[in-house]
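In: Quick one, fold the following:
(one chain, ligands or ions: 1)
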Amino acid sequence: MTAVPAGAEYGYLGPAGTFTEAALLQVLPEDAVARPMPSVDAALAAVRSGDLAAAVVPIENSVEGGVSATLDALANGSALRVTREMLVPVTFVLAARAGTALADVRRVASHPHGWAQCRGWVGSHLPEAVYVPALSTAGAAEGLAVDPDAPYDAALCAPLAAQRFGLSVLATDVGDNAAAVTRFVLVQRPGAVAAPTGADKTSLVVFQRDDHPGGLLEMLEQFATRGINLSRIESRPTGESLGQYCFSIDCEGHIGEARVGEALMGLHRTCREVRWLGSYPRADAKAITVTVSTTDQAFGDAGDWLTRLRSGEA
Ligand SMILES: O=C(O)C(=O)C[C@]1(C(=O)O)C=C[C@@H](O)C=C1
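Out: Take a look at the predicted model:
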């Protein structure tokens, strides 16, 4: 594990028992301390201010898609860098205080992404139940344990959270998709850039100059002509006015590789703003296939050829 100053604090979307804590435990350096944070915004603000050395936040779920709070916090404010990604399979239980029966459950709390992944099960087993939003799945479980006036009777959370808060499990595997996975990122302040591993991902946010026909296609061409595969692209409102969007993108490759560097330069030339969020090893460590014409060697050779022509060589 990475060496960090003893006691360095790594924040995560808390409380203890969230899926985010499970993601953090995959990368927490030996000497570091985990600190639960009340929200994604609070965790990233504390990294920006220097109060935390790093934070782990959810970014994407295989069923519900992007986590808007994370995408927006990374796209705005002072620069942050994603330095790792982690995948966590998500399985949910319906947990309640001891003595509560399934038939007693009228209101169910969870994180919006948790609710979205269990909506089908709740619809068929508790058709009358009303959803109560919580800041995290474990936060919903904790509420039942510590607050006698919690405005709900049951929580959709990880089995570990139910155990940690002494709740009884009314039903297991209540997620609608048994293969659901959430992707998390480790976020730090900008610093030294780790070298490419051959199995990397790059994240960025692109703000286009203006709205015109083919604008999105022009942006995508910067990747396509350099043989770069995108693994996620979504538009997010910039908040400036209705219809103003930026694009949150993950692509294969590392900023230290020629084809990715060239694509970033192309975007920089043609777009209003390009925010590079980082290049980091893929969680699945799957090596990237690069076409012969877009290897570093191919870009290097082409550059040498141009230099020879410019120098007047025959
Ligand atoms: O509430 C949690 O336990 C979290 O870690 C957050 C979160 C998310 O934001 O997607 C993480 C994984 C699950 O998909 C549901 C909720």
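In: ok, now how distant is Leu220 from the ligand?
Out: 27 Å (C-beta to the nearest ligand atom, to the nearest Å). Quick note: C-beta positions are derived from backbone N, CA and C, even for glycine.
In: list the helices and strands the helix or strand that residue falls within packs on?
Out: Here Leu220 sits within helix 215-224, counting by DSSP states H and E. Under the contact definition 3 or more C-beta pairs under 8 Å, 6 or more residues apart in numbering; DSSP states H and E, helix 215-224 sits against strand 245-252, helix 258-270.
In: Quick check: buried residues in the longest one?
Out: By neighbour count, with 16 or more other C-beta atoms under 10 Å as the criterion, the buried positions of helix 258-270 are 258-264, 266-267, 270.
In: For the residue in the stretch 151-300 of the chain positioned nearest to the ligand, which three-state class applies?
Out: Nearest residue of the stretch 151-300 of the chain to the ligand: Thr182, at 3.9 Å (C-beta to the nearest ligand atom). Reduced to three states with DSSP: H, G, I helix; E, B strand; the rest coil, the structure at Thr182 is strand.
In: Give the bridge partners for it, please.
Out: Asn61, Val88 (DSSP bridges).
In: Surely it and Val88 touch.
Out: Yes: if you go by C-beta atoms under 8 Å, Thr182 and Val88 touch, sitting 5.4 Å apart.
In: Touching both of those two, which residues are there?
Out: 19, 23 (C-beta atoms under 8 Å, 6 or more residues apart in numbering).
In: what about the residue nearest to the spatial centre of the chain, distance to Ser78?
Out: Centroid check for the chain by C-alpha atoms, centre = their mean gives Ile59 as the closest residue, at 1.9 Å. Distance, Ile59 to Ser78, by C-beta to C-beta, to the nearest Å: 19 Å.
In: same check, this time on Asp72
Out: Asp72 sits 14 Å away from Ser78, going by C-beta to C-beta.
In: how about the helices in the stretch 1-150 of the chain?
Out: 19-25, 40-49, 68-75, 112-125, 137-146 (DSSP state H, counting those that start in this stretch).
In: Same list (those helices) but as JSON lines, adding mean pLDDT and distance to Thr238.
Out: Shown next, in JSON lines, are the helices of the stretch 1-150 of the chain (pLDDT from 0 to 100; distance: least, C-beta to C-beta, whole Å):
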{"stretch": "helix 19-25", "mean pLDDT": "98", "distance to Thr238": "26"}
{"stretch": "helix 40-49", "mean pLDDT": "98", "distance to Thr238": "17"}
{"stretch": "helix 68-75", "mean pLDDT": "97", "distance to Thr238": "8"}
{"stretch": "helix 112-125", "mean pLDDT": "97", "distance to Thr238": "22"}
{"stretch": "helix 137-146", "mean pLDDT": "98", "distance to Thr238": "29"}
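In: Save those as a markdown table, and put in mean neighbour count too.
Out: A markdown table is the format used below for the helices of the stretch 1-150 of the chain (neighbours: other C-beta atoms under 10 Å):
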| stretch | mean neighbour count |
| --- | --- |
| helix 19-25 | 24 |
| helix 40-49 | 20 |
| helix 68-75 | 21 |
| helix 112-125 | 19 |
| helix 137-146 | 24 |
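In: And for stretch 255-262, what's in contact with it?
Out: So stretch 255-262 is contacted by 193, 195-196, 200, 202, 226-228, 251, 253-254, 264, 276, 279, 290, 294-296, 298-300 (C-beta under 8 Å, 6+ apart).
In: do the same with stretch 74-81
Out: Stretch 74-81 has contacts (C-beta under 8 Å, 6+ apart) with 44-45, 47-48, 82, 187-191, 203, 205, 236, 246, 248, 275, 277-278.
In: Buried among these? Make that a ChimeraX selection.
Out: A single ChimeraX command selects the buried members of the contacts of stretch 74-81 (16+ other C-beta under 10 Å):
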select :44,45,47,48,82,187,188,203,205,236,246,248,275,277,278
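In: So for Pro237, what's the pLDDT?
Out: Pro237 carries a pLDDT value of 95.
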